[in-house]
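[1] My questions are about this predicted structure, shown below with the sequence.
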Amino acid sequence: MRPLLPSRDVVVRTAETLAVGAVGGVAFETAGFPAGLVAGAIITTAAAGLMGRPLMVPNGLTRVLLVTVGIALGSVVSPATLGGFAVYPLSIAVLSLAILCMTAATFTYLRFVHGWNPLSALLGGSPGALAQIMAIAAESGADVRGVVIVQTLRVILLAVGIPAGLALAGLSQPAPAEGPATAATSLLHLADLADLAVLVAVSLACAFAFYRIGFSGGWLFGAMIGAAALNGSGLTDAHLPWWLADSSMVALGAVTGSRFAKIDLRLLFGYLLAALGSFTVAVTTAALFALIAASLVTVAPGDLVVAFSPGAQDTMMLLALALQLDPVFVGAHHLARYVIVSLGVSFVADAIIRRQARNAADDPPPQE
C-alpha cells in the first residue's frame, strides 16, 4: 500500500526546488526580463541541478500546476478569440512541412557531423513528443543520454531565448498591470465564487478526462479546453487571481529547470556541441517556415514564433501565458506538431529498428 503522505526527503527536495525557482523568477521579473517569472525559474533551477542539488517536483504536484496553468490559459479566451480559426489550416499546413524539414535537417546534422547512429540521430532531432521519444530510446538501444541532453537543452534554450529574442526585436507584449497595485480587481473576480467554482470544476473534469484517454499533455490541454469553452462561449467570465497564476508559472518553470538535476555536468559538456548545433539547425529551419507562414496569414509575430518553436508542449504553452499570446492559436499548432511527430517518428524509428535487426541477422557469427 502506497503511503498517503510524501516522505520527508521528497518534501525537502520539492521545497528547495520551488524556493530556488521562486528566487530566480522574482529576480528576473524585477529586472524586467520578458517572461521573467518563467525564464528565471528555469535558469536558477537548471543551474542548481547541474551543481548537484537533488531537485524534484512530485508528479502529483506537477499535475496540479499543469491544471492551474491550463485554466489560466483558457480563461483569457473570449468569443472574439475564436474568430481566428479561419487561418489555422493554412498555418498548420506550413507547420507540417516545417516539422518534416526540421527533423530531416537535425537528423542529417547529428548523423553526419557528430557520427550518431541513425536511430539516435532521429530521436535527438525529433521536434517534440519528448515522453514518447524517450520511451523509444530506452527500449531500442539508442544513445539515451545523448538524446536526453539534446532534447532537454533545446527546451531550456527556447524557454529563455524566445522572450529575450522577442523583446530585442520589439515584438513582446507589454507586461500586464497586475500585482498588488491591482489586487482589488482580482478580488472582484474572486467575489463571483459561483463562476470561479464552475470554471475550476469544468476545467478539472476535462483535464481528468483527457488524462484518462491517454491524451498527451492532457492535464494542461484538458483544463485549457474546458476553461476556453466556458469563457469563449460567453457562459462565464471568470479568471484565476493573479497571484495563483503567477505562482503556478514559477513552479512549472522550476519543474522544467529541474530536469537538469539528473544530468552529470561532465556528460553535458561531452554532448554540448551536438546539442547546440542541433538546436541551431532546428531553430533556423523553424524560423524560415515561420517567415513563410507570416507572409500567408495575419497573425501576431509572437504567436507564430512560439507556435513554430520545436519545444515541449507544456513549456511552450507556459510561454504563451507569460507572454500574453493567443493560447488557442499556439495550442492548436503544438497539438498538431505532437500528432505529426508522434506518428511520423514512431513509423520511421520502427523502420530503422527493423532494418538494424535484419542487418544483424545477415551478419555472419564471429568465428571461434
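    Arrived safely.

[2] And the strands in the stretch 151-300 of the chain?
    For the stretch 151-300 of the chain, applying DSSP state E, counting those that start in this stretch gives no strands.

[3] which residues of it score low on pLDDT?
    For the stretch 151-300 of the chain, the stretches with pLDDT under 70 are 172-191, 216.

[4] Return the mean pLDDT over stretch 330-337, rounded to an integer.
    For stretch 330-337, mean pLDDT is 89.

[5] what's it in contact with?
    73, 88, 91-92, 95-96, 99, 127-128, 221, 224, 303, 306-308, 310, 313, 316-317, 320 (C-beta atoms under 8 Å, 6 or more residues apart in numbering). Heads up, the C-betas are built off the backbone N, CA and C, glycines and all.

[6] what about the helices in the stretch 101-250 of the chain?
    118-125, 130-140, 144-168, 183-191, 193-212, 218-232, 242-257 (DSSP state H, counting those that start in this stretch).

[7] for those helices, which one sits closest to T285?
    Proximity to T285 (C-beta to C-beta) singles out helix 118-125 among the helices of the stretch 101-250 of the chain, at 10.4 Å.

[8] Summarise which helices and strands the closest one is packed against.
    Counting contacts by 3 or more C-beta pairs under 8 Å, 6 or more residues apart in numbering; DSSP states H and E, helix 118-125 packs against helix 88-112, helix 130-140, helix 144-168, helix 272-296, helix 327-362.

[9] Just say which of these is most tucked in.
    Across those, the average number of neighbours (mean count of other C-beta atoms under 10 Å) peaks for helix 144-168, which reaches a mean of 21.

[10] quick check: angle from that helix to helix 118-125?
    Helix 144-168 and helix 118-125 are oriented at 30 degrees to each other (axes from the mean of the first three to the mean of the last three C-alpha atoms, to 10 degrees).

[11] one step back: output the helices and strands packed on helix 118-125 in a markdown table; the columns should cover distance to L265.
    Putting the helices and strands packed on helix 118-125 into a markdown table (distance: least, C-beta to C-beta, whole Å) gives the following:
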| stretch | distance to L265 |
| --- | --- |
| helix 88-112 | 22 |
| helix 130-140 | 21 |
| helix 144-168 | 11 |
| helix 272-296 | 10 |
| helix 327-362 | 29 |
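
[12] Of those, which is nearest V67?
    The closest of the helices and strands packed on helix 118-125 to V67 is helix 327-362. By C-beta to C-beta, the value is 14.5 Å.

[13] Can you point out the helix or strand that includes G52?
    According to DSSP states H and E, G52 maps onto no helix or strand at all.

[14] R63: neighbouring residues, count only.
    Residues within reach of R63, counting by other C-beta atoms under 10 Å, total 17.

[15] Repeat that for V64.
    For V64, the number of neighbouring residues by other C-beta under 10 Å comes to 16.

[16] Helix or strand for it, just tell me which one.
    Take DSSP H and E as the rule and V64 turns out to sit in helix 59-75.

[17] Contacts for that helix, please.
    With contacts defined as C-beta under 8 Å, 6+ apart, helix 59-75 is touched by 14, 57, 199-200, 203-204, 207, 211, 217, 219-231, 238-240, 244-245, 248-249, 251-252, 255, 314, 317-318, 320-321, 327, 331.

[18] are any of the residues you listed buried, and which?
    14, 57, 199-200, 203-204, 207, 211, 217, 219-231, 238-240, 245, 248-249, 251-252, 255, 314, 317-318, 320-321, 327, 331 (16 or more other C-beta atoms under 10 Å).

[19] I'd like the distance from the helix holding V64 to the chain centre, please.
    Helix 59-75 sits 13 Å away from the centroid of its parent chain (C-alpha atoms, centre = their mean, to the nearest Å).

[20] just the angle between that helix and helix 193-212, please?
    Using the same axes, to 10 degrees: helix 59-75 against helix 193-212 is 120 degrees.

[21] Would you mark the buried spots in helix 59-75?
    61-75.

[22] again, but for stretch 29-44
    In stretch 29-44, counting by 16+ other C-beta under 10 Å, buried: 29, 33-44.
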